[in-house]
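Undergrad: I need the structure of the sequence given here:
(one chain, ligands or ions: 1)
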Amino acid sequence: MQNRWVLISQSKALIALLFLILLSGCAPKSEEEEEEEDDVVTASSSTSSTSWRNSNLPLTLKTATAFSAAERTVAGDMMTQWDAADSRDYYASVSTTSNKTYSNLNDYADGEFGIYKITDWNSSLPGSALAITQIFGEVIGSQIIITHADILVNYDNFSFDTSTGGAGYDLSTVLLHEMGHFLGLGHQSLSISDSIMTSAITADNEQLTLLSVDISSIQSLYNIAPSLTAEDKFDSVYSDSGEKLKTGTRVRIHHQLNADYSCSVKIIK
Ligand SMILES: [Zn+2]
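TA: Numbering: from 1, shown residues only. Below you'll find the model as predicted:
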């Protein structure tokens, strides 16, 4: 009788052991393991606050010498628009740099912030994009702090003009929009008459000044952003699969203005 009980309890122990082995095999992977598998996560522009540190302002955004003198003047004028949004200067004076057409998009983090005239659009970027602002940043708590950014304008698939009523997309409008992304702003679900940060920009649009929504957006971003302790004012940085991105995670963000009015924000880890 005693032997039988021992046998039963041994069997129970064995079953329990097998169950535990089975369970550990099915256990969810640690966050570390999951991070290695996920390369690209998408997120809506409203999921986090993205900004430069206030100590980085004003930013020296250089215009490539590949642009004509008239095009470089437009770039300077649009920077002035953002500077006029409040008492702070967002952009330093206009200067030039050589044109950069790196085949590896990571190479753009070269220490120089530029607006580049791309006549050979990178094959890893969608051809439908009029322009892309590529941002390099680091997740700090619930914010993404920008460490580097550039504006790539797609002269390969589109034409841009600097004159009123000219053929092609209005360069002022496109640059004013991209400079907003450069500063950290996302897209607004509004028409072009209400915000330069709309994704619905047509070749006919000539919006050379910021609108009240844009001015209040940039003011609120930089009136709050300087304090990294004010994290609870923002949502946390999450991927669309619900994964919270940890402090120290380095990311790239692509703000993509499409000719077909679609808007996309891609966070690449
Ligand atoms: Zn955009």
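
Undergrad: how about the nearest residue to Tyr90, chain neighbours excluded?
TA: Trp82 (4.7 Å; Cβ to Cβ, 6 or more residues apart in numbering). The C-beta positions use only the backbone N, C-alpha and C, and glycine is treated the same way.

Undergrad: can you check Leu208 too?
TA: Nearest in space to Leu208, with sequence neighbours left out and distances taken as Cβ to Cβ, 6+ apart, is Ser172 at 4.9 Å.

Undergrad: other SSEs contacting the helix or strand harbouring that neighbour?
TA: Per DSSP states H and E, Ser172 falls inside helix 171-183. Under the contact definition 3 or more Cβ pairs under 8 Å, 6 or more residues apart in numbering; DSSP states H and E, helix 171-183 sits against helix 69-83, strand 113-118, strand 129-140, strand 143-154, strand 160-161, helix 212-224, strand 250-258.

Undergrad: ok, Lys100 to the ion distance?
TA: Note on Lys100: its distance to the ion, by Cβ to the ion, to the nearest Å, is 20 Å.

Undergrad: in this structure that residue contacts Phe113, no?
TA: No - the criterion here is Cβ atoms under 8 Å, and Lys100 misses it with Phe113 at 10.7 Å.

Undergrad: which one's more surrounded, these two?
TA: Of the pair Lys100 and Phe113, Phe113 is the one with more neighbours under other Cβ atoms under 10 Å, namely 21 against 18.

Undergrad: for the closest residue to the more buried one other than its chain neighbours, which residues are in contact?
TA: Using Cβ to Cβ, 6+ apart and skipping residues adjacent in sequence, the residue nearest Phe113 is Leu61, 4.9 Å away. Neighbouring residues of Leu61 by Cβ atoms under 8 Å, 6 or more residues apart in numbering: Ala75, Met79, Tyr91, Ala92, Phe113, Gly114, Ile115, Ile151, Met179, Phe182.
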